[in-house]
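# Please work out how this folds:
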Amino acid sequence: MADSSSSPDASAKIAILPADELETPPLSLGQLTWRRFRRHKMAMFGAVTLILLFLYAFGGSLIFTESFANYTDTPLRLNPPSAAHPFGTDTIGRDVLARTIYGGQISLLIGLLAVLIENLIGILIGAVAGYYGGFIDSLLMRITEAMLNIPEIFLLIVMAKFFGGELPNVLFFGREYSGSVVVIVLIIGLTSWMYLARIVRAQFLSLKENDFVMAARATGTSNFEIIFRHILPNSMAPIVVSATLGVANAILAEAYISFLGLGVQPPTATWGNMLDGANNYLESAPWLWFFPGLLIVLTVLSINFLGDGLRDALDPHSRTM
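Here you go, the predicted model:
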């Protein structure tokens, strides 16, 4: 009796639904990913904060010129934050706000370029090892394990010490960068690909026996096309997450060695070497370390939140809607 009495109400509710709701098409993969991602509040916070940081670093150059950021005015040295200099001035009278803008460009550029190198090497080695297997897989994985045993920070410090001042300055998009920037990017990129290679290898090992790969082989598709057109696109979720987290690690690595005075050399500013310049003024001029330190913390946290959200959004087994 309960079922028969409730069925007219249920049919009435269905009857009053709009036609577009009754015939709602299924969500595409992109729509489903975006819906999962925007439900992750911290990931949305990280994405918005990261966009604002990029606008600050690259849009700020439309307001302050690089010559202004490098202009020294010794009578104004170590002035606290004021209306004229919102972030104060440094030890030789340069505006800290302008320095954080141009320093942020270098820090973010180092992170992005280092991750680009890391991804190219990691994806190539992991894909070849996972797809072909056998002797090639064993050889590439032994090389990967050997690289994992090399301490990255130690190698970064040694290489930056010996080669940081050897390379000439580089002109890029109208800006002149010290040769140490190239050294830092190459060292971070060449010593960070191992974990990604193992992730990509594991993805290829699990996907290469699937039916769509077998069908591609049966139709005579070349190995190159199978790797880069069939298997690799289905492995992008962990690669994207690894890339986002790799940017944060590269920024931290650069800040670490720059704080030791072995990273990017003046006159090129980064958030890391700005912290190195504030080392002797931790109490007397806290604005020298507070603002670049805050920007590093916000950038790394935002990237980590973004990576966490992308991991959940791109997970095909996730039930979060």
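# Confidence-wise, which helix or strand of the chain is lowest on average?
Each helix and strand of the chain was given a mean pLDDT (mean pLDDT, DSSP states H and E); the minimum falls on helix 19-22 at a mean of 45.
# Show me what the next helix or strand after it is packed against.
Downstream of helix 19-22, the first helix or strand assigned by DSSP states H and E is helix 29-39. When contacts are defined as 3 or more Cβ pairs under 8 Å, 6 or more residues apart in numbering; DSSP states H and E, helix 29-39 sits against helix 41-54, helix 287-314. Using the backbone N, CA and C atoms, a C-beta is placed for each residue, glycine as well.
# List the buried residues in the first one.
In terms of neighbour count (16 or more other Cβ atoms under 10 Å), helix 41-54 has its buried residues at 43, 46-47, 49-50, 53.
# and if you look at stretch 131-138?
Here stretch 131-138 shows 131, 137 as buried, counting by 16+ other Cβ under 10 Å.
# same deal with stretch 103-123?
Applying 16+ other Cβ under 10 Å to stretch 103-123 flags 103-111, 113-115, 117-119, 121-123 as buried.
# same question, stretch 283-300
285, 287-293, 295-296, 298-300.
# coming back round to it: with pLDDT and distance to residue 37 as extra columns, can I get the buried residues of helix 41-54 in CSV?
Shown next, in CSV, are the buried residues of helix 41-54 (pLDDT from 0 to 100; distance: Cβ to Cβ, whole Å):
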residue, pLDDT, distance to residue 37
43, 88, 6
46, 91, 11
47, 92, 8
49, 94, 15
50, 93, 14
53, 93, 19
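# which among these gets closest to residue 135?
Closest to residue 135 out of the buried residues of helix 41-54 is residue 43 (41.7 Å), distances taken as Cβ to Cβ.
# Quick check: chain neighbours aside, which residue is closest to the residue most central in space within the chain?
What sits nearest the mean C-alpha location of the chain, by Cα atoms, centre = their mean, is residue 247, with 2.9 Å. Take residue 247 and drop its neighbours on the chain: the residue closest to it by Cβ to Cβ, 6 or more residues apart in numbering is residue 111, 4.1 Å away.
# Contacts only, for that neighbour.
246-248, 250-251, 254 (Cβ atoms under 8 Å, 6 or more residues apart in numbering).
# one more time with 10 Å, if that's ok
Taking Cβ atoms under 10 Å, 6 or more residues apart in numbering as the criterion, residue 111 is in contact with 185, 188, 246-254, 299-300, 303.
# Strands of the stretch 51-200 of the chain, residue ranges please.
Counting by DSSP state E, counting those that start in this stretch, the stretch 51-200 of the chain has strands at residues 170-172, 175-177.
# Neighbours of residue 162, how many?
Per other Cβ atoms under 10 Å, the neighbour tally for residue 162 reads 11.
# Next: residue 216.
Neighbour tally, residue 216, other Cβ under 10 Å: 18.
# What helix or strand is it located in?
With DSSP H and E as criterion, residue 216 is part of helix 211-218.
# pretty sure residue 39 is touching residue 309, no?
Yes: judged on Cβ atoms under 10 Å, residue 39 makes contact with residue 309 at a distance of 8.8 Å.
# Just confirm residue 261 is within a strand.
No: counting by DSSP: H, G, I helix; E, B strand; the rest coil, residue 261 is not part of a strand but coil.
# dump the residue contacts of it.
160-161, 272-273, 276-277, 279 are the contacts of residue 261 under Cβ under 10 Å, 6+ apart.
# how does it look with 6 Å?
residue 276 (Cβ atoms under 6 Å, 6 or more residues apart in numbering).
# Let me know the distance separating it from residue 125.
According to Cβ to Cβ, to the nearest Å, residue 261 stands 33 Å off from residue 125.
# thinking again about what came up before, list just the nearest of the buried residues of stretch 283-300 to residue 144.
residue 300 (25.8 Å).
# ok, the closest one - contacts?
Residue 300 is in contact with residue 248, counting by Cβ under 6 Å, 6+ apart.
# Now with 7 Å, please.
For residue 300, the contact set (Cβ atoms under 7 Å, 6 or more residues apart in numbering) comprises 248, 251-252.
# Number of residues surrounding residue 141?
Neighbour number of residue 141 under other Cβ under 10 Å is 18.
# Wait, it touches residue 132, no?
No: using Cβ atoms under 7 Å, residue 141 is not in contact with residue 132; the gap is 11.9 Å.
# which one of the helices and strands packed on helix 29-39 lies closest to residue 152?
Taking these one by one with Cβ to Cβ, helix 287-314 is closest: 16.8 Å.
# related to what we said a few turns ago, ranking by neighbours, what's the top pick from the contacts of residue 111?
Counting by other Cβ under 10 Å, top hit in the contacts of residue 111: residue 254 with 29 neighbours.
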